[in-house]
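A.B. asks: The sequence and its predicted three-dimensional model are supplied below.
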Amino acid sequence: MENIIIKDGIEKMDFERITEMLSKAYWSPHIKIEEIKKGAINSALVVGAFASGSEQIGYARVISDKTRFAYITDVYIEEKFRKRGIGQKIINYILQHEELRDVYQWLLITKDAHGVYEKAGFKPTSRPMDLMEIRNSRPLR
């Protein structure tokens with residue numbers, strides 16, 4: 001894999017670049033920078049992948065109490081950099097992060113990247129009968 005650096009922290013993220021990427025994602029079409037920033041600020045961890053140390057080419061964030069539960073979301077790798085192990089590198093970085101070391105319940109939702117997450121130890125939920133959700137349409141902003 002080329003020189004890809006993983007960094008965490010709000011101050012290290014390029015939110016204009018993240019907006020470009022996430023606005024193309026099937027789960028957040030046309031998302032605006034204000035919504036992305038608010039989500040990042042209210043997350044336990046934000047992580048970026050950077051090519052040659054400066055160009056942000058990937059992003060993910062974690063919603064967590066940093067004790068029992070964590071939900072990984074907004075995992076996105078720029079298309080021309082996919083299939084190079086960068087998503088796997090981000091997920092492993094998150095799962096090994098010192099601030100999340102106590103977490104023992106990890107969740108995520110994916111439509112098309114099951115293989116990436118399976119390599120990190122994720123499996124289909126063992127509790128499909130008791131996991132519940134409210135899923136509304138994303139509001140227009």
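C.D. replies: Cool, got the structure.
A.B. asks: any residues touching the helix or strand of the chain with the lowest mean pLDDT, and which ones?
C.D. replies: Among the helices and strands of the chain, helix 114-119 carries the lowest confidence by mean pLDDT, DSSP states H and E, at a mean of 86. Residues outside helix 114-119 that contact it (C-beta atoms under 8 Å, 6 or more residues apart in numbering): 87, 88, 91, 108, 110. Just so you know, the C-beta spots here come from the backbone N, C-alpha and C atoms, and that holds for glycine as well.
A.B. asks: for that helix, which positions count as buried?
C.D. replies: 116, 117 (16 or more other C-beta atoms under 10 Å).
A.B. asks: what distance separates it from the centre of its chain?
C.D. replies: 14 Å (C-alpha atoms, centre = their mean, to the nearest Å).
A.B. asks: ok, now stretch 4-16?
C.D. replies: 12 Å.
A.B. asks: hang on, the earlier thing: and which of the contacts of helix 114-119 is nearest residue 70?
C.D. replies: Nearest to residue 70 among the contacts of helix 114-119, counting by C-beta to C-beta, is residue 108 at 9.1 Å.
A.B. asks: count of residues packed around the nearest residue to that closest one once chain neighbours are set aside?
C.D. replies: Closest residue to residue 108 apart from its sequence neighbours, by C-beta to C-beta, 6 or more residues apart in numbering: residue 72 at 4.3 Å. Residue 72 has 24 neighbours, counted by other C-beta atoms under 10 Å.
A.B. asks: Next: residue 46.
C.D. replies: By other C-beta under 10 Å, the residues close to residue 46 number 23.
A.B. asks: Just list what the helix or strand hosting it packs against, helices and strands only.
C.D. replies: Using DSSP states H and E, residue 46 sits within strand 45-51. Taking 3 or more C-beta pairs under 8 Å, 6 or more residues apart in numbering; DSSP states H and E as contact, the helices and strands that strand 45-51 lies on are strand 4-8, strand 55-64, helix 86-95.
A.B. asks: make it 10 Å
C.D. replies: The contact analysis (3 or more C-beta pairs under 10 Å, 6 or more residues apart in numbering; DSSP states H and E) places strand 45-51 against strand 4-8, helix 15-22, helix 33-41, strand 55-64, strand 69-77, helix 86-95.
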